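# Turn this into a model:
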Amino acid sequence: RLYQIPFEMPDCAGESETRTLHLVGDFSAPAEFFVTLGVFSFLYTMAALVLYLRFHSLYGENKKLPIADFCVTVCFTFFWLVAAAAWGKGLTDVKAATRPASLIAAMGVCQEEEVVCAAGTTPAMGLANISVVR
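Model prediction:
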């Protein structure tokens, strides 16, 4: 939800005045899907572990239970792939929206001929990149 993040931009009309601008974009859906699927995967894994360890005889005697377990695992695997791809795309969009060059291009004050705007530091996205790889 980048639109909730304000940042201050200098106003060239008055040296001490600043204008508050907001970033553009809402990329929260892919991240929420990724995290929700991770939580459900964890809960299913814990339930399956209890089933395997505590009710081993029930799991061995019932022929439909291993097939159902396999089907649920395949579904989780597919959704995990989809969630990782969605989160990867969302992260790419966040990087594009927060790139200093993009922010400078969006500032009207930087479009004037006499004004020289320089980008600050590039945001560190290393941990976010790692989250997509996992």
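# Who are the packing partners of the longest helix seen in the chain?
If you go by DSSP state H, the chain has its longest helix at helix 64-98. Contacts defined by 3 or more C-beta pairs under 8 Å, 6 or more residues apart in numbering; DSSP states H and E place helix 64-98 against helix 28-54, helix 56-61, helix 126-133. Every C-beta, even on glycine, is put in place using the N, C-alpha and C of the backbone.
# Pull out the buried residues from the first one.
By that I understand helix 28-54. For helix 28-54, the neighbour count (16 or more other C-beta atoms under 10 Å) marks 30-31, 33-34, 37, 41 as buried.
# Need the helices and strands packed on helix 64-98 in a markdown table (columns: mean pLDDT).
Shown next, in a markdown table, are the helices and strands packed on helix 64-98 (pLDDT from 0 to 100):
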| stretch | mean pLDDT |
| --- | --- |
| helix 28-54 | 90 |
| helix 56-61 | 83 |
| helix 126-133 | 72 |
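# out of these, which comes closest to residue 116?
Closest of the helices and strands packed on helix 64-98 to residue 116 is helix 126-133, at 30.0 Å (criterion: C-beta to C-beta).
# Give me the contact list for the closest one.
Contact partners of helix 126-133, identified using C-beta atoms under 8 Å, 6 or more residues apart in numbering, comprise 84, 87-88, 91, 94.
# Tell me the most packed of those, by neighbour count.
Counting neighbours by other C-beta atoms under 10 Å, the top entry in those is residue 87, with 23 neighbours.
# wait, it sits on residue 36?
No. At 11.2 Å, residue 87 does not count as touching residue 36 under the criterion of C-beta atoms under 8 Å.
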